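Participant: 3D model of this:
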Amino acid sequence: MSLIQFIKSKIFLKQVIIAFVGLVVFVFVVMKWLNISTNHDQKIEVPNLEKMSLSEVEKTLKELDLKLFVIDSASYNPEYPKKSVIDQDPGPGEFVKENRKIYLTLNPTGYRNIEVPNVFGKSKRQVTSQLSSIGFKISANPIYVSDIAKDVVRGLKFNGKDLKAGDKIPKNSIITLKLGDGEGTGRYTEGK
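Facilitator: The predicted model follows:
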């Protein structure tokens, strides 16, 4: 029997039809199984979790059959309550399926502490620029002390206490500069 005669035979035609029907049935079964196992038509709208505490978020997500995963704490933002949600992924209004993880970024409890650099003997302009660049605020009302040099930093104060190099205080703290008045006869020393 030649190849052309075999292709024209009833046996070959039956095998092709059986294979085609089997393929159609297989595709149909797989599509139904995927539809059931992936919850294709299920949609849960992600709520806006911004400014909510972690306990409120847990309760809200549990009611919706969603899970939470805290990925990080951001830089402290005073506009948000402490330990509240600053950012979320997926965002509010997006649709997800049940048991989907919602990734959260939380607001820390406060600003992180920054080490105070050694600024003694530097000019007011240098110190203002240096302290501002690392996250401190400078009081508009410096304290002038008797010193031969005018507007040279002779110390720093925070909340009424003298600071020294290496002390750590929260970022965004307001620091008061102790500056020489230029009218003294000698160099300023602490305790005078």
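Participant: residues contacting the residue nearest to Lys164 when sequence neighbours are not counted?
Facilitator: Nearest residue to Lys164, sequence neighbours excluded (C-beta to C-beta, 6 or more residues apart in numbering): Val116, at 7.3 Å. The C-beta positions use only the backbone N, C-alpha and C, and glycine is treated the same way. Each residue near Val116 by C-beta atoms under 8 Å, 6 or more residues apart in numbering is listed here: Leu156, Leu163, Lys164, Ala165, Gly166, Asp167, Lys168, Ile169.
Participant: ok, now which ones touch the first one?
Facilitator: To tie it back to what came earlier, the one meant is Leu156. Leu156 touches Val116, Val119, Asp162, Leu163, Ile175, Thr176, Leu177, Lys178, counting by C-beta under 8 Å, 6+ apart.
Participant: Okay, helices next: where are they in this protein?
Facilitator: Assigned by DSSP state H, the helices in the chain fall at 3-8, 10-37, 54-63, 124-133.
Participant: can you list the domains in the chain?
Facilitator: 9-37, 44-106, 113-181 (automatic domain parsing).
Participant: what's the weakest-modelled helix or strand in the chain?
Facilitator: Lowest on mean pLDDT, DSSP states H and E among the helices and strands of the chain sits helix 3-8, with a mean of 79.
Participant: Residues contacting it, please?
Facilitator: Phe12.
Participant: re earlier: of the contacts of Val116, keep whichever come out buried.
Facilitator: Leu156, Leu163, Ile169 (16 or more other C-beta atoms under 10 Å).
Participant: quick one: pLDDT of the second one?
Facilitator: At Leu163, the pLDDT value in this model is 91.
Participant: now it: how far from Ser139?
Facilitator: 13 Å (C-beta to C-beta, to the nearest Å).
Participant: do the last one as well
Facilitator: When distances are taken as C-beta to C-beta, Ile169 and Ser139 turn out to be 13 Å apart.
Participant: Let me see the ranges of the strands in this structure.
Facilitator: 44-45, 67-73, 85-89, 95-96, 101-106, 113-115, 137-138, 143-145, 150-158, 161-163, 168-170, 174-181 (DSSP state E).
Participant: Which elements pack onto the last one?
Facilitator: Going back to what we said before, that points to strand 174-181. Other elements packing on strand 174-181 under the criterion 3 or more C-beta pairs under 8 Å, 6 or more residues apart in numbering; DSSP states H and E are helix 124-133, strand 137-138, strand 143-145, strand 150-158.
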